[in-house]
Structure formats: structure tokens, C-alpha cells
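Enquirer: Can you look at this prediction? I've put the sequence above it.
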Amino acid sequence: MTEAYVKQGDSAGKDKFIVWAEAVEDGETILALSFLEADGCSEVWEEITEIQKALTLQNAEAIESLASSDFENHNNNSSSLPPVDSEHLSNILELFDIPNPQAKVDLMHRIVEEDFVLHLVSLFARLEKQEENTEAMAQMGLIFRKLVKLNSSAIIEYLVSAEVVETLFKALDCDPTVPAQKRVKHSEWFKNRVVIKEAYPFDTPDIKKIIQQTVYLKYLKDMVFVELVEDMTSCVLQVMITNNNELLVTKLVGNEHWIRNFLTNMKLTVSVAEIRDQLSFLYELSELSAANPLTNVAFHTILATNGFYVVLHKTLGSADPQIRFTSASILLSNVNVNPEKLQKYILETTKNKNSPILKLLVTQILSGEDARGKNILVEVIKCILDVSVEEGLSEQEMDLLNLFYGEYVGIFFEPLTQPVPEGFHEPSEAQLKGTLLEILCLFLDKHAQRIRNFVIQKDLGKSVIQLASAKEKFLVLDSIRFVKKLISLNNQFFTNYVIDSKLLEPVLDAFIANKGHINILDSTVRSIFLSIGDEKCPNKKLLDHFARDLFIKTLPVTHTKIFEDIYNLSLGKPVQKNTTPAVAPPGTPATPVMTRKRTFTEASEDELSSKLADVKETKEKETKKETKKEEVKEVIEKDENVEGSLSFLFGNYGSEEEEEEEKEKKTQPKVVEQKKEVENPPKRRRFTE
């Protein structure tokens, strides 16, 4: 391993890289450490320096001789660079073939100090006029390519400057390392396709310069050096792009006056093309600011306090789908950072009787044709209404809930009431329904009292459970989860609603139709019935409902006994538990573990008929008990001799099984006493006179 480490700086002049080389079989590999902060780079560099000093004291002569010999072999004149002319192009190419990292660093410094790149640009301009010098132009293409691959941020930054960048792309057109049929005319891209628009004039030219450099760096990384995905050059280019983005966001966020003027200009802009460009710039700025949490909060706070929501009144209602989508995306980023600002603005517009933005959001969800924009706006409403009643609400949050549940909740969840098609939904419609079901379950958790009244009054459960028969499996699962959420709340109103609306019947139909194919669907249905038949806290109403109306539907299911256990629990019978010890006693020989795929087997006709007979017999016994109880009540009301009538009736009250049990109880003690007499015969007593 080469013991030379090098510290490099970024475009802002801060040292954030430590570079070194390691020997491999084919040559050398350049490695680097990248730091977010310069302080961290300095700490690691100090430790490396101390270790290098210790190694230098031991092998100073060997290291010095090795470095000097490597450098002398490739460059006999270490004090200056070769002349920049067509005769010394081969010598210039040899400069870049230095294996020693420290020598490469010295070369980078000399290139910068002696304006070597500027001389190369002048030479290229002269050679370009000479059409016959194809070999020289090919050598120039290699030289510019190797300049980039030196991985010096200072050199690359100069190459993409306004004075040099055009020559750089022309030279890369002549790169002989790329086959002629695969060569891309980079200069044509630079001339014809690079158009940098100003959505609004910048106060300082530095911002435009940063944006231009970033565009050129991205092109170099994605188009020119695309084959070097894991190469050091690609990493250096990406770091420079990231640093430029951070610098751009910092400069713009720090200039609140410019952002205010920019938003004011957006309110007055009429041209659709200009509005699209302005929103695109704002969206890119929002994406870049998300990399730094502090900058992200500052940026979206400035937007919210300088009229961004007023701009949304115009852009969200635009006829252009791209404008609507970009507006919704920026709004979602803003709400994720600070939902209180939008909550406050919604209430202000409602009190002032202006066009309420909440109404605009809801109507766009229902009437908008853009599927992407719809789902983003649904997420926006989810964010601003994600407040918990149990944790306590502020006055602003309370007013917002009153407004939503008073005027917009029915409109918002209206897509869930639409009928389920025989085939598949439209992809956008299916995605919207899935998102609305997720939000509905969230509202049941956060503010159950308000959403309960809406669900029961509008009978929303029947519409939702129809999705259990949809072709889209994720909608089937979401509808079942909705029923699970209603039951898990342990609310008397929801329990009665589940029974009256027969919401469990479609759930069982989906479970039986699944036949064990989708595990998550099976586990969700099982969890519903496990919560109903929880031994510690069973839901008696749902248990009775299951035993009376639903158990017959589960008779074909043989791959699980959960329904049979719940039925037995409803009848008061004990549930059989698995008594197999979890850990085998010591000394027990290990048994091979057998795994097999769980299959769904249908019950035979004999098994079904026997189970049906048992269920019918149980129902007949229950009806007999009910009729007997009614007879007792009639006798109590009519007969004056209540005690005699009761004793007479209760002596004969009960089913045939109960009578047999009573007979067994009466006969059983006698049998036990007779056995004891046989086993222990009484001893005879002797009497003496």
C-alpha cells in the first residue's frame, strides 16, 4: 500500500476529501474519504499525519528514493511543464501517467499555477483551424479527458467555466478512446440544447454561474464519464454537484427579498409557459433544500409567509396538468415541514369568506383528471388533519376539524361510495380509493367520535366492504383492514354497526376465496377473529353473531381451526390448546425438522353434512330452550299457584341431554360407593360377653 495520503478541497475551498492509492494486481486503485464537514476531515487528517511521521522516521530514505525515481522516470524536468505546442503533445500525455499520488498532487498544483489549461485552450483553437491535424486533435481529446480524470476539483471547476467549457466539449468530441460510430457530439449539445432560463432575474451573477456549472458537471457525470459509475472521477463530480446545490440554496434562502419579489411576479404572470417555468424552478429549489433540514425549514417558512398559498389559488385550478402536479408537489413538501402554516391560512380564508383553499383541494381531488396530482392532494389533507383528539387539540386544530367535518368530509370520501366495477378499476381510481381507505383508518384512530357519526349516518361501511370483491388485491386487503379497525376500537356503536351491516360476511367470503394463497390476507382475517374470541376480553355480541349467522360459511375451511374454536367458545365449551412443550427435555434425541407448504383442502361431503347436522341440532336445542322459557313466563303471569307450577315445570324443563346428565349424576355416587365396599370390605367385630 502506498503510504501517501492527500487532502483535497471542494469548490468552496474547504478541505473535505482524503485521497490515497492502493496497489492491486492490475495496477493501482484510487480511494477517497468524503466528509460532510471540514472539521471531521481535519481530525482524521491529523491522525493520518501523525502515523505518517512515525513511518517517515523509520523509512525516510526508502520513501524519498522511491518517490524521486518514479517522478524522474516520467518527467525528467520536475521544475516546469513541457511547452504547449503540437510537437510536445506526446510529452504532455506522459505527464498524466505518474503512479505516485504525491507526484500527481504536485502536477495538479503546477497545472493550476502556470495556467496550463489556458495554454491548452489556445493550442486547441489553433489546431481546430487546421483540418488535416486529426492526430493532433485526437491527442488533445485525450489530454482534456485526462485533465478531468486527475480528479482535482480546482481543475474541473476551471474546465466548466464559461471561458473554457466550449473548448472542453469540442475536445471531447475527438476522444479516440470512444469508437467513431458511438461518439456523441457533445459540442452540439452545448450549442443547441443548453438553454438556461431565468424564471425571474437574479440579484447577483454568482447564482447564474453556479447553476451553469452544475448543469455542465451533471452532463460530464451522466453522459461523458457514464461508464465510470464507481470511479473516483464520478465521485468527485457528484460531490461538486452536491456542494453547488447547497451553495445555491443557501444564497437564495438567505435572500428573502428576492423570493418575495419572485412570488409577487408569479401572482401577476399570465403566460402558461412562464408559470410552468417558474413552478419548475420553485420545485427544483424545494427538492434541493430537502437535503439540509435547517435550510428546508427556512425555505418553506419563507414561502408560507410571503404569499405562496395565494399563488396556489391560481396554479392548482389551472387547466395545465403539469402546472397542477408541480403545485401539488411543492405544497406537499411545504406541509410536511410545517402544517400549521397551511392550517392557519385555511381558517383565515374561510373567515374572510374568500375562496377557501380547502374547498379547492377537495374539488381538485374529485374533479381533477391528473391521477398523480389527486393522490398528492389527498396526502396534503392527510397531513393537515393528522391531529389526535386524545392528545389534546389547539383552538386552531379544533376549528379546522369543525370545518372539515361540517362541510367537506362527505365530498372527500365520496369516491369510496362509488360502485365496484366487474373488471379492474382504472389505475388512478384504484390508487385513490386505497389512499382514502388508509386515511379513513387514520381518522378512526385520531378522531373516532367525529368520523363515527359520519360512517354510521352515511352507512359508509357497506360501500367500503364492497371492495372485498374487487379484482385488485390491495383494495381487498384495505377494505378488510377497515373492518378490523372498526372492531379493534371496542366501541359499542361500531360493534352494533358491524353486526347490523353484516360486514364480516364479505370478509369471510374473501378469506374462503383466497384459499390460503395470499398470506397477509389470511393473517389479517385471522387477527380479526382472534380479537373477537380473545379469552381475556371476548366480544360477546360478535361471538353470538358469528355462531348464529356466520359459522356455517366457515365449514369448508379445513386448513385452520380458528373458526371452530370461536364457535366452541361462543357455546361456552373450552378451547383446546397445544400442550406440546416448547423445549424438549434434556437427553431427548433431536428430530429432523420437516417443512411443508401450507395447502388449502376442501372438506368432503360427509364432513360437511356431519358438521351441518351438528349445527342444526345445536340450533334446535337452543330453540327448545327458548320456547320452554317462554312457557314458564306465561305460567308465571297466569297461574296463581306460582310455586307449585314452577316446581312442576322446572322438574321437566331442559333438553334430553340435560336429563341424561342428571340421571348419570344420581347413579354415579352409588357406583363409586359400591366399588369402595368391594375394594375395602368391612371388618367383623367380635363381641365378648
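Expert: Okay, I see it. Residues are numbered from 1 along each chain as shown.
Enquirer: quick one: low-confidence parts of the stretch 351-500 of the chain?
Expert: The stretch 351-500 of the chain contains residues with pLDDT under 70 at 353-355, 368-369.
Enquirer: cool, and the chain?
Expert: In the chain, residues with pLDDT under 70: 1-4, 9-14, 23-29, 52-79, 227-230, 353-355, 368-369, 574-689.
Enquirer: What residues of the lengthiest strand in the chain count as buried?
Expert: Across the chain, the longest stretch assigned as strand under DSSP state E is strand 15-24. Neighbour-count burial for strand 15-24, with 16 or more other C-beta atoms under 10 Å as criterion, is recorded at Lys16, Phe17, Ile18, Val19, Trp20, Ala21. Where you see a C-beta, it was placed from the backbone N, CA and C, and this is true even at glycine.
Enquirer: May I see the residues you listed arranged in CSV, with distance to Leu172 as well?
Expert: Converted to CSV, the buried residues of strand 15-24 look like this (distance: C-beta to C-beta, whole Å):
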residue, distance to Leu172
Lys16, 27
Phe17, 25
Ile18, 29
Val19, 24
Trp20, 28
Ala21, 26
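Enquirer: Can you give me the buried ones in the helix or strand harbouring Thr363?
Expert: Thr363 is part of helix 357-367, with elements assigned from DSSP states H and E. By neighbour count on 16+ other C-beta under 10 Å, the buried set for helix 357-367 is Ile357, Leu358, Lys359, Leu360, Leu361, Val362, Gln364, Ile365.
Enquirer: And that helix, what does it pack against?
Expert: helix 308-315, helix 339-351, helix 371-384, helix 409-412 (3 or more C-beta pairs under 8 Å, 6 or more residues apart in numbering; DSSP states H and E).
Enquirer: Among the buried residues of strand 15-24, which one sits closest to Leu555?
Expert: Lys16 (69.8 Å; C-beta to C-beta).
Enquirer: does the closest one really touch Ser34, like I thought?
Expert: Yes: with contact defined as C-beta atoms under 8 Å, Lys16 reaches Ser34; the gap is 6.4 Å.
Enquirer: Which strands or helices does the longest strand of the chain pack on?
Expert: Against strand 15-24 (3+ C-beta pairs under 8 Å, 6+ apart) you get strand 5-9, strand 27-34, helix 38-74, helix 101-113, helix 232-253.
Enquirer: who touches the first one?
Expert: Going back to what we said before, that points to strand 5-9. 15-20, 41, 45, 48, 52, 101-102, 105, 151-154 (C-beta atoms under 8 Å, 6 or more residues apart in numbering).
Enquirer: Assign a three-state SS to Asp478, would you?
Expert: helix (DSSP: H, G, I helix; E, B strand; the rest coil).
Enquirer: what about the closest residue to it other than its chain neighbours, neighbour count?
Expert: Using C-beta to C-beta, 6 or more residues apart in numbering and skipping residues adjacent in sequence, the residue nearest Asp478 is Leu437, 4.2 Å away. Under the neighbour criterion other C-beta atoms under 10 Å, Leu437 is assigned a count of 22.
Enquirer: Give the buried residues for the helix or strand containing Leu437.
Expert: Following DSSP H and E, one finds Leu437 within helix 427-446. In terms of neighbour count (16+ other C-beta under 10 Å), helix 427-446 has its buried residues at 428-441, 443-444, 446.
Enquirer: so how far is the helix or strand just after it from its chain's centroid?
Expert: Counting by DSSP H and E, the next helix or strand C-terminal to helix 427-446 is helix 448-457. Chain-centre distance of helix 448-457: 29 Å, with C-alpha atoms, centre = their mean, to the nearest Å.
Enquirer: which secondary structure elements does helix 448-457 contact?
Expert: By 3+ C-beta pairs under 8 Å, 6+ apart, helix 448-457 packs against helix 409-412, helix 427-446, helix 492-500.
Enquirer: Show me the contact partners of the second one.
Expert: Spelled out, it's helix 427-446. Outside helix 427-446, the residues that reach it (C-beta under 8 Å, 6+ apart) are 365, 371, 374-375, 378-379, 381-382, 385-389, 412-413, 415-416, 424-425, 450-452, 460, 464, 467, 470, 472, 474-475, 478-479, 481-482, 485-486, 489.
Enquirer: can we see that at 6 Å?
Expert: 371, 374-375, 378, 382, 388, 415-416, 451, 472, 474-475, 478, 482, 485 (C-beta atoms under 6 Å, 6 or more residues apart in numbering).
Enquirer: And the buried ones among the residues you listed, selectable in ChimeraX?
Expert: A single ChimeraX command is used to select the members of those judged buried by 16+ other C-beta under 10 Å:
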select :371,374,375,378,382,415,416,451,472,475,478,482,485
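Enquirer: List just the nearest of the contacts of helix 427-446 to Pro205.
Expert: Using C-beta to C-beta, the contacts of helix 427-446 come closest to Pro205 at Asn375, 40.3 Å.
Enquirer: On the three-state scheme, Ala291 is what?
Expert: Classified using three-state DSSP, Ala291 is coil.
Enquirer: from here on, count from 305
Expert: I'll keep to 305 as the first residue from here, and by that count the last item is Ala595.
Enquirer: how about it, phi and psi?
Expert: phi -70, psi -30 (degrees, to the nearest 10).
Enquirer: how deep is it tucked in, by neighbour count?
Expert: 12.
Enquirer: One more: Leu552?
Expert: Neighbour number of Leu552 under other C-beta under 10 Å is 19.
Enquirer: Leaving out sequence neighbours, find the closest residue to it.
Expert: Leu552 sits nearest to Ile514 (C-beta to C-beta, 6+ apart), 5.0 Å away.
Enquirer: Can you give me the neighbour number for that neighbour?
Expert: The number of residues near Ile514, taken as other C-beta under 10 Å, comes to 18.
Enquirer: Find the centremost residue of the chain, please.
Expert: Glu683 (12.9 Å; C-alpha atoms, centre = their mean).
Enquirer: if I pick that one, what's in contact with it?
Expert: Glu683 neighbours (C-beta under 6 Å, 6+ apart): Leu636.
Enquirer: any idea how far it lies from Ser637?
Expert: 11 Å (C-beta to C-beta, to the nearest Å).
Enquirer: swap in Leu521?
Expert: For Leu521 relative to Ser637 (C-beta to C-beta), the value is 25 Å.
Enquirer: Tell me which of the two has more neighbours.
Expert: Shown here are Leu521 and Ser637; by other C-beta under 10 Å, Leu521 has more neighbours (24 against 19).
Enquirer: Setting aside sequence neighbours, what's the nearest residue to that one?
Expert: Here the residue nearest Leu521, using C-beta to C-beta, 6+ apart, is Ile545, at 5.0 Å.
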